[in-house]
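Visitor: Whatever this is, show me its structure:
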Amino acid sequence: MMKDHRKGDDASHVRSRQTAKELLGHAELPLIIRARACMILGCGTESGYLDMRRRGCGSLE
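Guide: Now for the predicted structure:
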């Protein structure tokens, strides 16, 4: 997910966002994984991206 996000092309960003959305559906995953998923979604321009940034930061506090 993080490697795809860093590549910079549109297809990689779509894959990283899809992976992040799937990971957020698993509450049993470690906090750092879910926080990174929120960070990936928070870097987008889709609706709700600001909320995802807040979730990612709030989960780390």
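
Visitor: residues contacting the residue nearest to H5 when sequence neighbours are not counted?
Guide: Closest residue to H5 apart from its sequence neighbours, by C-beta to C-beta, 6 or more residues apart in numbering: S16 at 4.0 Å. Glycine gets a C-beta too; all of them are placed from N, C-alpha and C. By C-beta atoms under 8 Å, 6 or more residues apart in numbering, the contact set of S16 is 1-2, 4-5, 40.

Visitor: now, the most widely separated pair of those?
Guide: D4 and I40 (8.8 Å; C-beta to C-beta).

Visitor: Quick check: neighbours shared by the two?
Guide: Shared contacts of D4 and I40, defined by C-beta under 8 Å, 6+ apart, are found at 16, 19.

Visitor: quick one: which of those two has more around it?
Guide: Ranked by neighbour count (other C-beta atoms under 10 Å), D4 and I40 place I40 first, with 24 against 19.

Visitor: Surely that one and R17 touch.
Guide: Yes: taking contacts as C-beta atoms under 8 Å, I40 lies within contact range of R17: 6.3 Å.

Visitor: What ranges does the chain have for its helices?
Guide: 2-7, 10-24, 31-42, 49-60 (DSSP state H).
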